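>>> pasting a predicted model and its sequence here:
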Amino acid sequence: MRAMHRFGLGTVAAALGLLASAAYAADAPVADAAMNGEVETVRALLAGGAEVNAAQGDGMTALHWAAFHDHHTLAQLLLEAEADVAAATRVGAITPLSMAASNGSAAMIEALVAAKASVNMPTTTGATPLMAAATSGSVEAVRLLLDHDAFVNARETANGQTALMFAAWENRADVIRLLVERGAHTGLTSWVVSMIEPRLDDDGNPVPPRRPRAPGANTVMGGMTALLFAARDGHLEAVRALVESGANIDQVAGGDGSSLMVIAIANGHYTL
């Protein structure tokens, strides 16, 4: 049950870790100063004609770093200098808005959206700012994105998971209630994925497996609802929020057909 990957938040979180330790690979003095939170240095560089959107080797701009550090004064200075809100990193295609959403910073999100940042711009794995905000647990950030027309039922491309699923995964009960109130579908499921991809010969025909599969062996996984994700991880608050919001307790996993009770027991959550 636990083999399903954690979407593009994997991408966002992993990429943020990589980017946070990035070297000064490119000539981007404004970004370098922003990385260290040096507001006055940034101000002086901009006054001297430095390029506000010059990116470091990994694609991080000064505005990325302002969002990463949740530094509002710095962000405002950069936005006034026409920093590009659509700039994306080379690892994951992460925008400043995605970083702000990962922090759950409603104030930073508001500043970026006011500067025309797209609330639905995905990362390379299809992760949206709403998914990142839902994972953070910030009701204010989620509400702000929804107020600016974020797609509530958008799916990331790796596993077909939605913002509601990530909120359930992280036990964000208040976010769950808000998402459902704003149109999130509790019955949507993650993709059903084959665990055994058939080998093909040179003509593209399936090659029989070298060993016969055991009778009754499960060969697919996934097809998980937000409620099933919450039950798998033993998140009582998320389970309660989903059930109270109308989630179907009888809906089984599309992959192996496991029920809510089976998933909870299999993962040791007997009190659910």
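Received it, and whenever you're ready, just let me know what you need.
>>> my guess is Ala83 contacts Leu63. True?
Yes - contact criterion CB atoms under 8 Å: Ala83 and Leu63 qualify, at 4.2 Å. Heads up, the C-betas are built off the backbone N, CA and C, glycines and all.
>>> look at the two and report which has more neighbours.
More crowded of Ala83 and Leu63, by other CB atoms under 10 Å: Leu63, with 32 against 24.
>>> now the closest residue to Asp27 other than its chain neighbours, what's its secondary structure?
What sits nearest to Asp27 in space, not counting adjacent residues and going by CB to CB, 6 or more residues apart in numbering, is Ala54, at 6.8 Å. Three-state call for Ala54 (DSSP: H, G, I helix; E, B strand; the rest coil): coil.
>>> tell me how far Ala54 lies from Pro96.
According to CB to CB, to the nearest Å, Ala54 stands 15 Å off from Pro96.
>>> any chance you could map the strands in the stretch 51-200 of the chain?
Listed in chain order, the strands of the stretch 51-200 of the chain (DSSP state E, counting those that start in this stretch) span 192-194, 199-200.
>>> and those strands, which one averages the lowest pLDDT?
Mean pLDDT is lowest for strand 199-200 among the strands of the stretch 51-200 of the chain, at a mean of 58.
>>> flag every buried residue along stretch 182-194.
184, 186, 188-191, 193 (16 or more other CB atoms under 10 Å).
>>> what is the mean pLDDT for stretch 139-159?
97.
>>> can you give me how far it is from the chain middle?
10 Å (CA atoms, centre = their mean, to the nearest Å).
>>> export that stretch as PDB, just CAs?
C-alpha atoms of stretch 139-159 as PDB (Å, rounded to 0.1, in the frame of the first residue of the first chain):
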ATOM      1  CA  VAL A 139      -6.100  27.300   5.100                       C
ATOM      2  CA  GLU A 140      -5.400  30.900   4.300                       C
ATOM      3  CA  ALA A 141      -3.000  30.000   1.400                       C
ATOM      4  CA  VAL A 142      -5.500  27.500   0.000                       C
ATOM      5  CA  ARG A 143      -8.400  29.900   0.200                       C
ATOM      6  CA  LEU A 144      -6.500  32.600  -1.500                       C
ATOM      7  CA  LEU A 145      -5.500  30.400  -4.400                       C
ATOM      8  CA  LEU A 146      -9.000  29.100  -4.800                       C
ATOM      9  CA  ASP A 147     -10.300  32.700  -4.700                       C
ATOM     10  CA  HIS A 148      -8.000  33.300  -7.700                       C
ATOM     11  CA  ASP A 149      -9.400  30.400  -9.600                       C
ATOM     12  CA  ALA A 150      -7.000  27.600  -8.800                       C
ATOM     13  CA  PHE A 151      -8.200  24.300 -10.300                       C
ATOM     14  CA  VAL A 152      -9.500  22.400  -7.200                       C
ATOM     15  CA  ASN A 153      -9.500  19.000  -8.900                       C
ATOM     16  CA  ALA A 154      -6.300  19.300 -10.900                       C
ATOM     17  CA  ARG A 155      -4.200  16.100 -10.900                       C
ATOM     18  CA  GLU A 156      -0.400  15.800 -10.900                       C
ATOM     19  CA  THR A 157       0.800  13.700 -13.800                       C
ATOM     20  CA  ALA A 158       2.900  11.100 -12.000                       C
ATOM     21  CA  ASN A 159       0.100   9.400 -10.000                       C
END
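>>> buried residues of it, list them for me.
Across stretch 139-159, burial judged by 16+ other CB under 10 Å covers 139, 141-146, 148, 150-152, 154-156, 158-159.
>>> quick one on the thing from earlier: overlap in contacts, Ala83 and Leu63.
Residues touching both Ala83 and Leu63 (CB atoms under 8 Å, 6 or more residues apart in numbering) are 52-53.
>>> what about Ala54 and Pro96, which has more around it?
Between Ala54 and Pro96, Pro96 has the larger neighbour count (other CB under 10 Å), namely 33 against 16.
>>> right, and the more buried one touches Ala87 too?
Yes - in this structure Pro96 lies within contact range of Ala87 using CB under 8 Å: 6.9 Å.
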